[in-house]
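Asks: here are the coordinates; sequence isn't available:
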């Protein structure tokens, strides 16, 4: 589907006409990310991050496939095979650092992408499905990243796997058998390493598939925009190509520069030194910490320290950690304010920035050891996290007095000109 | 209904957290390491920073320290003799180093098939001083000397940490013993404030100036030897560092130009569009 004024794919070359009749793949691309997809003209730089996330996934898949040619998923040799990649494979260090830091870049852009959606109300009707699929992608990414981190079979790989898979043993009664079944043993070992490698190779392609659905669902209503006002007519949009392909091209350049600085000059800055020590089940590291992109969730897990309402603290922590992401599935219905963009929602705007600060604090707590004052700070921050989504957002939606919305995107673009001044032909006015 | 249920769940999580928040904490006594542990010393290395490069002279001196001092206890299983060509040794030199290595490479007797040893050749990895972990612990008062291949990447602070440990041995402060009478360094361990729990199994490895004789005329003070061996271990852990820095500059310059062009294209395409 598209807007009625979307440009139509009209192949000129006979070969393209022939192809269009047999397999209209160019038409699909044209309508998805070409001139056939009209996009609001007022998107800001935060709308670059979807494309950047797609690029990050592509980089991970390409480097990952080559790394898999040199990696051996066996607990006896996994660590040394990664070191072989770093030391003896041609440009192996490049591929490995690209893959390792590429995961961090992927999470950075996805977090910005998610917070952009939260700020501008991109999760609201008619884009609920886009949001739901996005949360699915996020969950798949977390699973993939976790299993990938286990593969080098260093100390943090092993103990991280030990802690994370331990969540399942918190389930009452059936927890321990499930835990053993998932790991293929009582502790992470060769069986776990092998299945993690298999799934780590599989899941990125599942992510790619869900991304197709995510974009498909996006193209039904079309992209949201900073005003949150729906597209009213052709004056509100520009074709995706060349306008947003050009803008994304520049975004890709900036992304790659940041990526290059990180991977060429600070490749181990986001990793943990202990992962350069081979896994040793007999020696527990002083502090077990996950990768940085899990810190906020790790903080939520550890914030629950008392048994309460007949539920043991450990189970509270595991339930809360999963809930902290699963609640995002309900967000489109928890926030029923008709106004999307927080630009026009003064209370929501404040709540949003407090949430950003709160998640950053949770990240800092997740990285810190489990001692005072960190535990108490983490408990307040975790409480605020749940309060934000489950209490504050619905209340704000009910009581907030929103600012008047612009009549249309083009009017908002023309800032200050009389209302309805020039809805048509704005594209050529300067 | 959904919002009501969500609110209920929210109240559940928040109350569990607030109750946990107000629960009294057990008083935690400060331990000696929490007070006396020190961060690695500041020391300048040629490979620090984005323009960093290895100094081959220094790496060769550091190798000599490793060979004559560290390798008595510490293995370096991931580095091969052939890799030494990267720090400026010639092929014949590498061959000689391998051949004269104090420990021989495990092998089998070609006639009887029994376990035997042979002289190392350049393609061999550095042979380990102990046959296995049990032997290593038995010879070292039950402490295990860590493998040195990745040591400079496996410790917070890297080469700076190694330098600090090697030069950081000292007598236990009287103040510490006064506050923590039970924390006296046990026999067989050595007080070192740069080590996480303050008491390290390794005896001071570099004890006197001139312990190693450098052939390039550098004065082998303890400080110099410590710096050299730390630099060598950084190279052992990250042999491609120079290569990586070089690639980094080429890639970033290329990307800056490409991004500049992309920005120009973006401005040009959007020039007649209000947005």
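Replies: Yes, it's here. Computed from a predicted structure; not experimentally measured.

Asks: Pull the contacting residues for the residue nearest in space to the middle of chain B.
Replies: What sits nearest the mean C-alpha location of chain B, by Cα atoms, centre = their mean, is residue B:152, with 1.6 Å. Applying Cβ atoms under 8 Å, 6 or more residues apart in numbering or on different chains, we find residue B:152 in contact with B:158, B:159, B:161, B:162, B:230, B:233, B:234, B:236, B:237, B:238. The C-beta positions use only the backbone N, C-alpha and C, and glycine is treated the same way.

Asks: which of these tops the neighbour count?
Replies: Within the contacts of residue B:152, most neighbours by other Cβ atoms under 10 Å in any protein chain shown means residue B:233, with 30 neighbours.

Asks: Wondering if the lengthiest helix in chain B reaches chain A at all.
Replies: As assigned by DSSP state H, the longest helix anywhere in chain B is helix B:241-269. Yes: judged by Cβ under 8 Å from any Cβ of the partner chain, helix B:241-269 and chain A are in contact via B:243-245, B:247-248, B:251-252, B:255-256, B:258-259, B:262-263, B:265-266, B:269.

Asks: Just the ones of the contacts of residue B:152 in helices?
Replies: In helices, judged by DSSP H, the following of the contacts of residue B:152 are found: B:158, B:159, B:161, B:162, B:230, B:233, B:234, B:236, B:237.

Asks: and the two most separated of those?
Replies: For those, the farthest-apart pair by Cβ to Cβ is B:161 and B:236; their separation is 14.4 Å.

Asks: quick one: the strands in the stretch 101-250 of chain B?
Replies: B:105-108, B:115-118, B:190-191, B:199-200 (DSSP state E, counting those that start in this stretch).

Asks: Could you do the stretch 201-350 of chain A as well?
Replies: Per DSSP E, counting those that start in this stretch, the stretch 201-350 of chain A carries strands over the ranges A:237-239.

Asks: Residue numbers of it in contact with chain B?
Replies: Counting by Cβ under 8 Å from any Cβ, the positions of the stretch 201-350 of chain A adjacent to chain B are A:238, A:242-243, A:246-247, A:249-250, A:252-254, A:256-257, A:260-261, A:264-265, A:267-268, A:273-274, A:276-277, A:286, A:303-306, A:308-309, A:311, A:313, A:316, A:320, A:323, A:327, A:330, A:333-334, A:336.

Asks: If any of those are buried, give me the PyMOL selection for them.
Replies: A single PyMOL command suffices to select whichever of those are buried according to 16 or more other Cβ atoms under 10 Å in any protein chain shown:
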select buried, chain A and resi 238+242+243+246+247+249+250+252+253+254+256+257+260+261+264+265+267+268+273+274+276+277+303+304+305+308+313+316+320+323+327+330+334
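
Asks: coming back round to it: filter the residues of helix B:241-269 next to chain A down to the buried ones.
Replies: By 16+ other Cβ under 10 Å, those give B:244-245, B:247-248, B:251-252, B:255, B:258-259, B:262-263, B:265-266, B:269 as buried.

Asks: Out of those residues, which is nearest to residue A:342?
Replies: Closest to residue A:342, out of all of these and judged by Cβ to Cβ, is residue B:266, at 26.5 Å.

Asks: which stretches of chain B aren't confidently modelled?
Replies: Under the criterion pLDDT under 70, the flagged ranges of chain B are B:274-275.

Asks: For the single nearest residue of the stretch 51-200 of chain B relative to chain A, give me phi and psi.
Replies: Using Cβ to the nearest Cβ, residue B:154 is the residue of the stretch 51-200 of chain B that sits closest to chain A, at 3.8 Å. With angles defined as degrees, to the nearest 10, residue B:154 sits at phi -90, psi 10.
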